[in-house]
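1. Any chance you can model this:
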Amino acid sequence: MSIGIIAAETDEMLAIRNIMKDIKETKIYNLNFIIGKIENKECVLVKCGVGKVNAARTTQVLIDNYDVKTIINVGSAGAVNPELNIEDVVIAKDLVQYDFDITAVGNYEKGEICEVGRFIKSDEKLIELCKKSIQEMENINIKVGTIGSADLFLADYKKAEELRKEFNLECVEMEGAAIAQVCFLDNVPFLVIRGISDVQNGNNKVDFHTYIEKASKKVAIILEKLISSL
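-> Numbering: from 1, shown residues only. Predicted coordinates:
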């Protein structure tokens, strides 16, 4: 069995590819699967592209074609919690699709998905192993909390504050909760790890492009430590 790793963007994917050994590649549909080893563990890495549909579709293709025992989503995120700074790391205890809203047609909360729920919990064993891995490293500030996903790049400070209060979010991105939903439905343990690439300071777009590579490299180091303990 292999460890499945999903990244959304090229910088995020390359940071992981650079720590892999014995690499070979194969293509399914238009998805390039990178098969190799991290810490002598069999891994399958794939770049899903940006957004929830791309993320969900890639997750299902990965599960259908590779014998994965767990899936780890890595990448960058925008801070919502004002205590977070660029290059800090957030481990998702759970995830929510904060743009999913069917409250007008029934007794639902915003973000609640029929037969899935509102918050999708990461695998507790993976969370604890990840926390332990990071504790052994120096100069890394981590938060364990809720990550929100939506098909939008959030750069509105007031909206970010509203979302933080409504969902108790640490950070936001565009794929994690969709990956979580597919893993939940397919009964595959998962974890989402995100490095902060931008904060709500009015310069989100600039900060994102400036710091995504640094945030991705930091998450890759954490992933390597985590995989060594699996």
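
2. Identify each of the strands in the chain and give its residue range.
-> Along the chain, the segments classed as strands by DSSP state E run 2-7, 21-28, 31-38, 41-47, 68-79, 89-97, 120-121, 142-149, 169-173, 190-198.

3. Tabulate those strands (TSV), appending mean neighbour count and distance to residue 111.
-> C-beta coordinates here come from the backbone N, C-alpha and C atoms, glycine included. Shown next, in TSV, are these (neighbours: other C-beta atoms under 10 Å; distance: least, C-beta to C-beta, whole Å):
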stretch	mean neighbour count	distance to residue 111
strand 2-7	25	21
strand 21-28	10	31
strand 31-38	18	28
strand 41-47	21	26
strand 68-79	26	17
strand 89-97	26	5
strand 120-121	20	10
strand 142-149	23	8
strand 169-173	26	10
strand 190-198	27	16
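
4. Could you export the ones you listed as CSV, including mean pLDDT and distance to residue 53?
-> Below are the strands of the chain laid out as CSV (pLDDT from 0 to 100; distance: least, C-beta to C-beta, whole Å):
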stretch, mean pLDDT, distance to residue 53
strand 2-7, 96, 14
strand 21-28, 97, 17
strand 31-38, 97, 13
strand 41-47, 97, 15
strand 68-79, 93, 15
strand 89-97, 97, 12
strand 120-121, 98, 17
strand 142-149, 95, 12
strand 169-173, 95, 14
strand 190-198, 91, 17
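
5. Turn the ones you listed into JSON lines, including distance to residue 103.
-> Converted to JSON lines, the strands of the chain look like this (distance: least, C-beta to C-beta, whole Å):
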{"stretch": "strand 2-7", "distance to residue 103": "30"}
{"stretch": "strand 21-28", "distance to residue 103": "37"}
{"stretch": "strand 31-38", "distance to residue 103": "34"}
{"stretch": "strand 41-47", "distance to residue 103": "34"}
{"stretch": "strand 68-79", "distance to residue 103": "25"}
{"stretch": "strand 89-97", "distance to residue 103": "13"}
{"stretch": "strand 120-121", "distance to residue 103": "18"}
{"stretch": "strand 142-149", "distance to residue 103": "17"}
{"stretch": "strand 169-173", "distance to residue 103": "18"}
{"stretch": "strand 190-198", "distance to residue 103": "25"}
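
6. so which of these gets nearest residue 112?
-> For the strands of the chain, distance to residue 112 was read as C-beta to C-beta. The smallest value, 8.8 Å, belongs to strand 89-97.

7. quick one: that closest one to strand 68-79, angle?
-> 100 degrees (axes from the mean of the first three to the mean of the last three C-alpha atoms, to 10 degrees).
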